[in-house]
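*Asks:* just a sequence and a predicted model for now, questions to come.
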Amino acid sequence: MYIREGQLDRPEVIALLREHLQGMAELSPPESIHALDLDGLKHPRISLWSVWDGGELLGCGALKQLDAEHGEIKSMRTADAHRRRGVAAAMLEHILDEAARRAYRRLSLETGSMEGFGPARSLYARYGFDYCGPFADYRDDPHSVFMSKTL
């Protein structure tokens, strides 16, 4: 497994991001979907990485700078065929390392409250993320869970 920055022009990455958005639409009502589309991920405050095994895309994840000391995890997705192989953990470790390199003091995320998001919540909890209230521009939403970690 290796991680590469960017790759938003690669058809495999574009397809995985579409799969991510479709998955969010299947699990969440439209007003509760906070996933970014391709254009949203091109914002200068967002860095995206993709996880590969040879020429095969395994997953992706992004880090959004909220301010000089606070980042947000975005667009974490493991390709369906590669779940339960440590892809998400590798990406999360990479994002945590990058957040530390940037000297962020806090890293936060929003994920779904429904059962389908249970594995994501468990992963974040294993890495020391605690439940918190809404941050940045988020609002209380029964379909959202907010988590944060002090770095």
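*Replies:* Sure, I can see it. Residues are numbered from 1 along each chain as shown.

*Asks:* grab the longest helix from the protein for me.
*Replies:* When secondary structure is assigned using DSSP state H, the longest helix within the chain turns out to be helix 11-27.

*Asks:* for the chain, which segments count as strands?
*Replies:* With DSSP state E as the definition, the chain shows strands at residue ranges 2-5, 46-53, 56-67, 70-78, 106-112, 130-132, 144-150.

*Asks:* may I ask which helix or strand of this protein has the lowest mean pLDDT?
*Replies:* Least confident helix or strand of the chain, by mean pLDDT, DSSP states H and E, is helix 11-27 with a mean of 86.

*Asks:* which other residues reach that helix?
*Replies:* 7-8, 33, 35, 37-38, 41, 48, 50, 57, 59-60, 75, 77, 79-80, 112, 114, 116-117 (Cβ atoms under 8 Å, 6 or more residues apart in numbering). Using the backbone N, CA and C atoms, a C-beta is placed for each residue, glycine as well.

*Asks:* quick one: buried ones out of the residues you listed?
*Replies:* With neighbours counted using 16 or more other Cβ atoms under 10 Å, the contacts of helix 11-27 contain these buried positions: 7, 35, 41, 48, 50, 57, 59-60, 75, 77, 79, 112, 117.

*Asks:* could you dump the residues you listed to CSV with pLDDT and distance to residue 126?
*Replies:* Supplementary listing: these in CSV, determined by pLDDT from 0 to 100; distance: Cβ to Cβ, whole Å:
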residue, pLDDT, distance to residue 126
7, 81, 27
35, 83, 22
41, 91, 26
48, 96, 23
50, 95, 22
57, 94, 24
59, 95, 17
60, 95, 20
75, 92, 20
77, 91, 18
79, 91, 21
112, 92, 18
117, 91, 15
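
*Asks:* that's all I had, so thanks and see you.
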